[in-house]
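**Q** From the sequence below, what's the structure:
(chains A, B, C and D)
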Number of protein chains: 2
Amino acid sequence: MGKVDRRILKTQESLKNAVIELMMEKNFDDITIQELADRANVNRGTIYLHYQDKFDLLDQLIEIHINELGEMDAWACELNWVDALVPYFEYFEKNYLFFSTMLASKGTPSSFSTRLLASFMKGFQGEIDRESDRNAGLSDEVMLQYAGTAYVGVIEWWIRNGMPYPPHEMAKQVGALLERSL
Amino acid sequence: MGKVDRRILKTQESLKNAVIELMMEKNFDDITIQELADRANVNRGTIYLHYQDKFDLLDQLIEIHINELGEMDAWACELNWVDALVPYFEYFEKNYLFFSTMLASKGTPSSFSTRLLASFMKGFQGEIDRESDRNAGLSDEVMLQYAGTAYVGVIEWWIRNGMPYPPHEMAKQVGALLERSL
DNA sequence: ATAGATTTGTTTATAAATCAACAAATAACG
DNA sequence: CGTTATTTGTTGATTTATAAACAAATCTAT
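**A** Prediction:
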């Protein structure tokens, strides 16, 4: 895709930061378009040039992160689980503000955790061990659901508790557990 | 004056921050217009919509601070010296990055210290004690030059040394000294 | 010194952001 | 309920920022 105009990127980043900031201060439903515009230092009308409404804005913000997480698969598919997880936890750490806000506000529209889970399960699909007979009698569906919810659950816990372990330590432990599960 | 378009303010602030940032990294003369544009995340041509060249940009940046310092006189003219100085040192502290960069780079065009000195001397003019005969035999010129250079000198020292005393302490000491000098 | 590469300052047309004004939808409240 | 106020989404005219291209000036090496 050709390069996007610099102004668009600036505006969108301001708005995305504004959403995160405001969501830390109040419920998403209580945020008004004017507030978003003020916080992002952008004209109210400008928002409508990019988004349908504030829900759309939040959706796109979520989508960006889901996509970025998805793209990390390509890099990781050659490594073992433990090493593959390191960049993920580093990503969570880097975008701590976003994830903690997203996972904290339970009333978030288009449930963030659900989308995260779906994304992870899709990423796990090719990784199930069918060469050995270790998983004979286990269905893909169950295994994916099992590993997916476990992974999301651990991330939620880690974020909510202020990231008590460094990313590489999390990768090591979670990687070992995932290896056993798939 | 009517309110300025939001885009103008954003662009100018980005550029002014960019100058300060780059001046901390390299000599002003070595900074290129393209670098400024990149750092400010602004098109190169946009710079010419606001400034003649990089010298003009720096000049206007300086002018803003000189003017803001000048406007503080109005607030302060009723107080004694010590109290009057507090907001000044708070201002220096708040804009630490600017002042330290400006006072550090000796090769700065349109010598910043000189302009600062002129501004202070002008502010001191009405403050010389002519009611008592304490200053009989002393010319305004000498007294202004004396107090002005002393004041600028102390500020330079304070900034260069990482502001070793809090603003109110500086105000107290410098205030006492200025009271004796004028 | 001079050939080659950067940097500069200007110009174009185009795209994006702005402001102000508006009616319609929602919320707040007596 | 009804009425006031707020928020929303859209519009149109205008301003600002953008990218790309250009010649001229300045820097850099050889």
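**Q** Now do the lengthiest helix in chain A: which elements does it pack against?
**A** Assignment by DSSP state H gives helix A:54-76 as the longest helix of chain A. Packing partners of helix A:54-76 (3 or more C-beta pairs under 8 Å, 6 or more residues apart in numbering or on different chains; DSSP states H and E): helix A:6-25, helix A:33-40, helix A:81-94, helix A:96-104, helix A:112-124. For every residue, glycine as well, the C-beta is placed using N, CA and C.
**Q** Alpha carbons of it, as PDB, please.
**A** Extracted as PDB, the C-alpha positions of helix A:54-76 are listed here (Å, rounded to 0.1, in the frame of the first residue of the first chain):
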ATOM      1  CA  LYS A  54     -16.500   6.300  19.000                       C
ATOM      2  CA  PHE A  55     -17.300   2.600  18.900                       C
ATOM      3  CA  ASP A  56     -15.700   2.400  15.500                       C
ATOM      4  CA  LEU A  57     -12.700   4.200  16.800                       C
ATOM      5  CA  LEU A  58     -12.300   1.800  19.600                       C
ATOM      6  CA  ASP A  59     -12.800  -1.100  17.200                       C
ATOM      7  CA  GLN A  60     -10.100   0.000  14.900                       C
ATOM      8  CA  LEU A  61      -7.800   0.500  17.800                       C
ATOM      9  CA  ILE A  62      -8.400  -3.100  18.900                       C
ATOM     10  CA  GLU A  63      -8.000  -4.300  15.400                       C
ATOM     11  CA  ILE A  64      -4.600  -2.700  15.000                       C
ATOM     12  CA  HIS A  65      -3.300  -4.600  18.100                       C
ATOM     13  CA  ILE A  66      -4.900  -7.900  17.000                       C
ATOM     14  CA  ASN A  67      -3.300  -7.600  13.600                       C
ATOM     15  CA  GLU A  68       0.100  -6.700  15.000                       C
ATOM     16  CA  LEU A  69       0.000  -9.700  17.200                       C
ATOM     17  CA  GLY A  70      -1.100 -11.800  14.300                       C
ATOM     18  CA  GLU A  71       1.900 -10.600  12.200                       C
ATOM     19  CA  MET A  72       4.300 -11.800  14.900                       C
ATOM     20  CA  ASP A  73       3.400 -15.400  14.100                       C
ATOM     21  CA  ALA A  74       5.300 -15.300  10.900                       C
ATOM     22  CA  TRP A  75       8.500 -14.400  12.700                       C
ATOM     23  CA  ALA A  76       8.000 -16.900  15.400                       C
END
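**Q** buried ones in it?
**A** By neighbour count on 16 or more other C-beta atoms under 10 Å in any protein chain shown, the buried set for helix A:54-76 is A:54, A:57-62, A:65-66, A:69, A:72-73, A:76.
**Q** So it, near DNA strand D or not?
**A** Yes: using C-beta under 7 Å from any atom of the strand, helix A:54-76 reaches DNA strand D at A:K54.
**Q** Touching that helix from outside, list them.
**A** Applying C-beta atoms under 8 Å, 6 or more residues apart in numbering or on different chains, the external contacts of helix A:54-76 come out as A:15-16, A:19-20, A:28, A:31, A:33, A:36, A:47, A:50-51, A:83-84, A:87-88, A:91, A:95, A:98-99, A:102, A:108-110, A:112, A:115-116, A:119, A:122-123.
**Q** Mind doing that once more with 6 Å?
**A** Contacting residues not belonging to helix A:54-76 are listed as A:K16, A:Y51, A:A84, A:P87, A:P109, A:S110, A:F112, A:R115, A:S119, A:G123 [C-beta atoms under 6 Å, 6 or more residues apart in numbering or on different chains].
**Q** Report the inter-axis angle for it versus helix A:81-94.
**A** Here the directions of helix A:54-76 and helix A:81-94 differ by 150 degrees (axes from the mean of the first three to the mean of the last three C-alpha atoms, to 10 degrees).
**Q** what's the average pLDDT for helix A:54-76?
**A** In this model, helix A:54-76 has a mean pLDDT of 84.
**Q** ok, now stretch A:16-34?
**A** For stretch A:16-34, the mean pLDDT works out to 90.
**Q** How far does it stretch from one end to the other?
**A** One end of stretch A:16-34 to the other measures 14 Å (C-alpha to C-alpha, to the nearest Å).
**Q** Check stretch A:34-45 too.
**A** 9 Å.
**Q** cool, stretch A:18-37 as well?
**A** With C-alpha to C-alpha as the measure, stretch A:18-37 spans 8 Å from end to end.
**Q** mind pulling up the phi and psi values for the residue of chain A most remote from its centre?
**A** No residue in chain A sits farther from the centre than A:D133, which is 33.0 Å out by C-alpha atoms, centre = their mean. Backbone torsions for A:D133, taken as degrees, to the nearest 10, come to phi -100, psi 20.
**Q** mind checking how far it is from chain B?
**A** Distance, A:D133 to chain B, using C-beta to the nearest C-beta, to the nearest Å: 57 Å.
**Q** quick one: low-confidence ranges for chain A?
**A** For chain A, the stretches with pLDDT under 70 are A:1, A:73-78, A:104-110.
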